[in-house]
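S.K.: can't give you the sequence, but here's the structure:
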């Protein structure tokens, strides 16, 4: 937005620094409940003179005319609107206008005609089941044992009884994206009262390798899952934590 304003002004022979200084004030938040937006104030009050430039009034959207005035300071310009100056009566002849309304009106007239400011791009939320540590992407997954018992291929290895979950860790090299299928992985699962620790076994499915094991968890319980990953040739293991609430 500032670049567009500066470019327009430079083409008109106005120093870009003045435009940027004026533009940097931004539009203030409309705090009071009964405060009208800058556009409404301009349409109902200011446009009578500023729409056509009556008696030398800077026209709405004429940034070449507004910039030297704003270069003196936004507060100075608003003071002039509050107190009246030249052919302009105090508060534009409407005594009920608040200072902040006049401030918004001035900024609206300066910015009029500029394209709307694009909203900032949304910051992607961090995936709570993905960590990147020491060049390794570590993914955590969990599945109730009941869901696995329905699969004949895995039924024999699923423990009987309620409350079992298959906790799974998948690994990938952050630089190459290749899966890591030769690591040693241990999980430490704690609810703050008890701790279960187990080395995970390799799990092969659809040409992918991950590491998993069954743990008995309490439904509704909140667990800290600490994964310790040792890659071949590494001097020390990678340790990271996940939070998991059992359904």
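M.R.: Done, it's in. Since we're looking at a predicted model, the values are computed, not measured.
S.K.: can you tell me what sits against stretch 125-145?
M.R.: In this structure, residues lying in contact with stretch 125-145 by C-beta atoms under 8 Å, 6 or more residues apart in numbering are 158-159, 164-175, 180, 210, 214, 225, 227, 229, 231, 238-240, 242-244, 246-247. Heads up, the C-betas are built off the backbone N, CA and C, glycines and all.
S.K.: try 7 Å
M.R.: For stretch 125-145, contacts defined as C-beta atoms under 7 Å, 6 or more residues apart in numbering pick out 158-159, 164-175, 180, 214, 225, 227, 229, 231, 238, 240, 242-244, 247.
S.K.: tell me which of these fall in helices.
M.R.: Here DSSP state H is the test, and these give no hits in helices at all.
S.K.: just the buried residues from those residues, in PyMOL please.
M.R.: Buried members of the contacts of stretch 125-145, defined by 16 or more other C-beta atoms under 10 Å, are picked up in PyMOL with:
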select buried, resi 158+164+165+166+167+168+169+170+171+172+180+214+225+227+229+231+238+240+242+244
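S.K.: identify the bridge partners of residue 85.
M.R.: Beta-bridge pairing of residue 85 under DSSP bridges involves residue 88.
S.K.: let me see the ranges of the helices in this protein.
M.R.: 2-11, 16-23, 38-41, 47-50, 63-70, 74-83, 99-111, 145-149, 152-155.
S.K.: got the buried residues for the fourth one?
M.R.: Put plainly, it is helix 47-50. 49, 50.
S.K.: residues in a beta bridge with residue 141, which ones?
M.R.: residue 168.
S.K.: walk me through the domains of the protein.
M.R.: 2-111, 130-245 (automatic domain parsing).
S.K.: how about TSV for those domains, with distance to residue 123 and mean pLDDT added?
M.R.: Converted to TSV, the domains of the chain look like this (distance: least, C-beta to C-beta, whole Å; pLDDT from 0 to 100):
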stretch	distance to residue 123	mean pLDDT
domain 2-111	21	71
domain 130-245	16	91
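S.K.: distance to residue 122 added to those domains, as a markdown table?
M.R.: Formatted as a markdown table, the domains of the chain follow (distance: least, C-beta to C-beta, whole Å):
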| stretch | distance to residue 122 |
| --- | --- |
| domain 2-111 | 21 |
| domain 130-245 | 18 |
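S.K.: quick one: closest of these to residue 121.
M.R.: Residue 121 lies closest, by C-beta to C-beta, to one member of those: domain 2-111, at 17.2 Å.
S.K.: which residues touch residue 217?
M.R.: Counting by C-beta under 7 Å, 6+ apart, residue 217 touches 163, 165, 223, 246.
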